[in-house]
Each structure stands twice: as C-alpha cells, then as structure tokens.
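Undergrad: here is the input, now give the coordinates:
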Amino acid sequence: MKMIFLVVSCCLSLMVFSQSHRLYQGDKLPVLKPLHALQTIDGYVDLQQYRGKLVILDFWSIYCGSCIAAFPELEAMQEKLKDSLQIILVNSETDRATKTFLQSKKHLSPPQVPLITSDTLLHQLFAAEAYPAHVWISREGKILAITDGYSTTKENIRSALSGNIPVGMKAPVKAAYGTLLPDSLLHKYIFFSCLKHYDPTIDIGNTDKLPVDSGRMVRISANGASVVELLQKAFRNETDGTADKKYGLALQLSDSNLFVRPADPEAESLWENQNAWDYELVLPFSLQDSGYHIMQRDILSLFPVKAFIEPRPVTAFVLERLPGRPMPISKGGASLNTLDGSRLKGYPDSLRFLRNRPFAELVAWVKLWLEDEYPFEDSSGITANMDAIIRENSVNPLCLSKLQEDLEQAGLILKQATRIVPVLVIKARDD
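TA: So this is what the prediction gives:
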C-alpha cells in the first residue's frame, strides 16, 4: 500500500508546551469569548452567563454510540434540575455534519441544551481526546472534575450541587484512534504528516487540532476523505466555514470523479477503494496555528489540482418585515414551538407551530434550513415574541416558494439578494 510521509525534525525548543493553555481540576475557568452553538436564541453560548449554576460540558461525537445513548438521561436530568444545572453539548464536527446526522435519526432527539459545534478551543483547554468526556464547572466557575460520561449520575450531581467533589468518578480514557505512523517512528517524531489510500481497517478519526500526547502535540486527521473534502478541511478556517457549504465551493474539474465523492450510495464503496484517502498531521502544540497551512501544502503538492479562496457573488436570502403590514407580534397564549418537527397530541402533523415564542427562534430555524445552500441574514429588526405556522411540505422537502408563502402569512418576507462571500475554488493545476 502506497504511503507518503512528510516527517520533519526540529529543535527541542519546539516541544515546549505552555501549561496556561490547559485547565485542570481546581483551576478557575477563564473568561472566554462566546462560542458558536446550535439550539440557542442567537447562535452563541457564553459560559459566563451560567455562573451560579453547576455546568457540565458533555464532549461527544456523532460517531460515539454511548454518547448518543445517554441523551435521554441527560435531557431528564437537565429538565429536573434546570434551575441549578446547565448541561452543554460540545463536539468538533461542523454544523452541517451535526445537523445532517441528527436529522437522519428520526427517533433521536438531542437534549434541548446549547450544542457547541466545530469546537477546538474547549477540546484544547481540557485535552478532550475520547468520548464521552464531561467537565464539571462549579457555581463559582471552578473546575470541579474532568470525568468520563458514565460518572454523571443524579447522585454525583446532587453532591456537586451541595458543594462537594463527588468521589469515585472516573477520568476519561485516552483516545483510541489508530495512527498512520510506523511503530518504529511513533515515539521519535517532532512532527509528521502522512497521506495514504483509505484503509477501512484503521480508524484514524476525523479530528481538528485534537490535543494528544498529554497536550504536548495536536492532531489533524481525515478518514476516508475525497481530495475535495481534504481541501475543504484545510481551508475551513480561512473561509469562516463557508467552504463546507454548497454555495462556498466552486469546482472546475474536468474529471471530478477522481476528486469528489459520488452522490449514489451504491457507488460509494467501490469509489472509496480507488479514490478515498487517509490523512494525518501531528505537530507541537506551539505550532498548531500552522497546521491547516501545512495540510494545504501537502494536498496541493501531491494532487494535480490548485485551490484558493476568492470572493464571489452568490445568491442569498434576507428576512424582512412585510411592507405595509403592522409589526408582527404574538397574540399571546401558552408558548409552543414544534418547528423542529416534534409531534404533539391534538395538533396536525401537517403543520409546524410557533406560538408566543421569541422571534429569534424562528430566525434560527429558517437559517437551519437555508444555510447549507444560501447565506442568510435577518434584517427585520423584530425582537418581540412571535406566532407562525409552517406547512410540513414547505420544508420536508424544502420548497422555497411555499416557505416564503408561510412567512408572508406571519408578516414577513424572505427576499432573494446577492452577497459577496469567500468561496473555495478548486481547479485542475494546468488550467
């Protein structure tokens, strides 16, 4: 099996790891910038707002079966102790991957708590290498414990709420990902990168700056990826995530079959055997900011393509108030939100309802349906509670004209516009 290794030796000064970048039991949580999150009103979560509550950060992955199996119990604990407990889900997968996964599981409902996606910061601070891993933060913002997910029991939560550090809780295990580096070199590298044809017998994971080797190093990996998927990962930070979306990718390739995953699931297995790749990059923590630039260099030097970021006009949608209509405002009544497709007794399955709920919830829901294919922004200026009724066949499958009709009934207009966004352009090297 053909492998390409790019192994680099550096002076030992590159191995220095600053302890200030890691948090341990007993440390105080520093003030962090708001983090992007699903299932929040404005699309962000600020950990500082939960001072006075016990906070549990649940590090999980869409590939972690035990993490997902624990969702109902976490939901029950959050609902029962909502005045004193806040559970926050954290994963490193993109918005798109997370939402696609959750939408594909018809009988799976994640806890209705903030869901941080595309995370690297918290993974680095707590060296989260395997899932499930839980970080317990006291009412005062101190790290009480870093445990596996199985230690999060009602008894331990009650103990923590009483100001005690629960005993007998287990630390999270180390990540069990495979590696592409030969055993003879495993403990001798300063940093290395490796690319080889996809091997389904080795799970190297799909990681983004995952702390490894006790936080001394970070790891970027892609398992069974197409060339285009490798480049999307390498350029993701430079496009603020638009490279992962349909409108943020422009392919100019004469033979795209070599570089793009087929849409037909039946053809995917054969295609992977010939055209999918495993990539792994491990480098010192102090060089982590160079990681994706190194990945770009590797991919572009080994395949006959070139890639670059270019600002381009794309079709976008803007939500505004309908001209000539009064300010949309709720008629009151018991609050209700079934926009996520949940079913309630006494309500028709053919309709989704928003009643006496913050307008921001409607905005977040519309964005969820549009953002993979179109940039979306809210220019309505509405802040009050809102009522809306959305037909099921407006979104399942998505029908823009019907969705626009439903929003007009609520006093809103979804207007087509043009926006300039960073687009990842991939073309043949000789073009």
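
Undergrad: so Ala37, which state does it fall into?
TA: Following DSSP: H, G, I helix; E, B strand; the rest coil, Ala37 is assigned to strand.

Undergrad: pLDDT score for it?
TA: pLDDT, Ala37: 89.

Undergrad: so it bridges to which residues?
TA: Residues in a beta bridge with Ala37, per DSSP bridges, are Ile116.

Undergrad: need the contact list for it.
TA: For Ala37, the contact set (Cβ atoms under 8 Å, 6 or more residues apart in numbering) comprises Gly43, Tyr44, Val45, Ile88, Pro114, Leu115, Ile116, Thr117. C-betas here are computed from N, CA, C, even on glycine.

Undergrad: so who does the first one touch?
TA: What it means is Gly43. His36, Ala37, Ala364, Lys367.

Undergrad: burial count for the first one?
TA: Yep, that's His36 we're talking about. His36 sits with 15 neighbouring residues when counted by other Cβ atoms under 10 Å.

Undergrad: list the contacts for it?
TA: His36 sits next to Gly43, Tyr44, Asp95, Ile116, Thr117, Ser118 when contact means Cβ under 8 Å, 6+ apart.

Undergrad: who wins for neighbours among those?
TA: Neighbour counts for the contacts of His36 (other Cβ under 10 Å) peak at Ile116, which has 25 neighbours.

Undergrad: you'd agree that residue is up against Asn91?
TA: Yes. With contact defined as Cβ atoms under 8 Å, Ile116 reaches Asn91; the gap is 7.2 Å.

Undergrad: the contacts of Ala37: which two are farthest apart?
TA: Greatest spatial distance in the contacts of Ala37: Gly43 and Ile88, 14.3 Å, computed using Cβ to Cβ.

Undergrad: so can I have TSV of the contacts of Gly43 showing distance to Tyr198?
TA: Formatted as TSV, these follow (distance: Cβ to Cβ, whole Å):
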residue	distance to Tyr198
His36	30
Ala37	32
Ala364	36
Lys367	34
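
Undergrad: what about the strand or helix carrying Val366, distance to the chain center?
TA: Using DSSP states H and E, Val366 sits within helix 359-370. In terms of Cα atoms, centre = their mean, to the nearest Å, the centre of helix 359-370 is found 17 Å from the chain centre.

Undergrad: so how far is Ser193 from Ala307?
TA: Applying Cβ to Cβ, to the nearest Å, the value for Ala307 to Ser193 is 17 Å.

Undergrad: ignore the last one, Leu270
TA: Distance of Leu270 to Ser193, given as Cβ to Cβ: 28 Å.

Undergrad: ranges for the strands of the stretch 51-200 of the chain?
TA: Secondary structure of the stretch 51-200 of the chain (DSSP state E, counting those that start in this stretch): strands at 54-59, 85-90, 115-116, 133-137, 143-148, 191-197.

Undergrad: would you turn those strands into JSON lines with distance to Ile68?
TA: Putting the strands of the stretch 51-200 of the chain into JSON lines (distance: least, Cβ to Cβ, whole Å) gives the following:
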{"stretch": "strand 54-59", "distance to Ile68": "11"}
{"stretch": "strand 85-90", "distance to Ile68": "11"}
{"stretch": "strand 115-116", "distance to Ile68": "13"}
{"stretch": "strand 133-137", "distance to Ile68": "15"}
{"stretch": "strand 143-148", "distance to Ile68": "15"}
{"stretch": "strand 191-197", "distance to Ile68": "30"}
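
Undergrad: many thanks, have a good one.
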